[in-house]
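Colleague: Build me a model from this:
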Amino acid sequence: MRPSFVLLEPLKQWLNVATPPARRIVRQIIKDSPEPLHTQEIFLRSQRDFPLQQPEEAAQTSIHEKLLLRRGPPLPPNPIHHIRSIKYLKSVVLPDLEKRDEIVKVYHTRPPTPEEREIAAALKPPTRSQRKRRGAVGPGKQPTRLNSSGGVNEWVWRVKTQEDHEREAFYRERAAQRKAHAERQRAEARQNRPARRRPLRK
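Modeller: Just a heads-up that it's a prediction; the model follows:
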């Protein structure tokens, strides 16, 4: 298996396509997780659980490492890994799996961790009297990610289920019905529109 880049002289051009090993790694991470995962967590698990350990990969990457030491544009955090950066994961691999209907991005609310609770308590907005003493005007802003219910809102990835496919099919059919109804209304309006009289020529 080759790393997800191609070296061209005198410029390095990184492949902006999801390679099969990259898809396999991300697919397995999301499938094995009992909970939906944030993009950052997927990247961390890919670096931790899927290091390049095979002999042929190690021999090949050692050659590329020598080439990557030459002058050129800035390198990703891990250029010899199949998931070379979180940007590559976020903008290439995850959208590719989403287009293949293998994963889905959902809005998820989870309970905060003890560290997040501690930060939220330490960064609690000032009271009204404190704002007056400081000369502040207007309500204080919440400097944490906690919502009004005390949870954390975030976008996460999970495996796409049959229920997701059925829901998408329902909404597609509903949108098609609305479009057809609007077209029928426009056609009826054109038919019922009175014909314009042409002015008589003098």
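Colleague: Just the helices from the protein, written as ranges.
Modeller: Counting by DSSP state H, the chain has these helices, from start to end: 20-32, 39-49, 55-68, 86-88, 94-99, 114-122, 128-134, 162-192.
Colleague: If you average the pLDDT over the third one, what comes out?
Modeller: This predicted structure assigns helix 55-68 an average pLDDT of 51.
Colleague: Can you report how many residues neighbour residue 160?
Modeller: Using other C-beta atoms under 10 Å, residue 160 is surrounded by 19 other residues. Placement of C-beta: from N, CA and C, glycine included.
Colleague: Quick check: which ranges of this protein have low pLDDT?
Modeller: The chain contains residues with pLDDT under 70 at 1-14, 53-74, 123-148, 195, 197-202.
Colleague: Recalculate using a threshold of 50.
Modeller: Applying pLDDT under 50 to the chain flags residues 1, 5-12, 55, 58-59, 136-144.
Colleague: that older thread, using TSV, please lay out the helices of the chain together with distance to residue 107 and mean neighbour count.
Modeller: Formatted as TSV, the helices of the chain follow (distance: least, C-beta to C-beta, whole Å; neighbours: other C-beta atoms under 10 Å):
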stretch	distance to residue 107	mean neighbour count
helix 20-32	16	17
helix 39-49	14	16
helix 55-68	37	12
helix 86-88	20	18
helix 94-99	15	16
helix 114-122	18	12
helix 128-134	32	11
helix 162-192	14	10
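Colleague: Which one of those helices lies nearest to residue 76?
Modeller: helix 86-88 (6.8 Å; C-beta to C-beta).
Colleague: ok, residue 16 - contacts?
Modeller: Taking C-beta atoms under 8 Å, 6 or more residues apart in numbering as the criterion, residue 16 is in contact with residue 92.
Colleague: where's it relative to residue 95, distance?
Modeller: 11 Å (C-beta to C-beta, to the nearest Å).
Colleague: do residue 159 as well
Modeller: Taking C-beta to C-beta, one finds residue 159 at 16 Å from residue 95.
Colleague: ok, back up a step: take the helices of the chain and lay them out in JSON lines including distance to residue 154.
Modeller: Putting those into JSON lines (distance: least, C-beta to C-beta, whole Å) gives the following:
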{"stretch": "helix 20-32", "distance to residue 154": "15"}
{"stretch": "helix 39-49", "distance to residue 154": "10"}
{"stretch": "helix 55-68", "distance to residue 154": "33"}
{"stretch": "helix 86-88", "distance to residue 154": "15"}
{"stretch": "helix 94-99", "distance to residue 154": "14"}
{"stretch": "helix 114-122", "distance to residue 154": "11"}
{"stretch": "helix 128-134", "distance to residue 154": "30"}
{"stretch": "helix 162-192", "distance to residue 154": "19"}
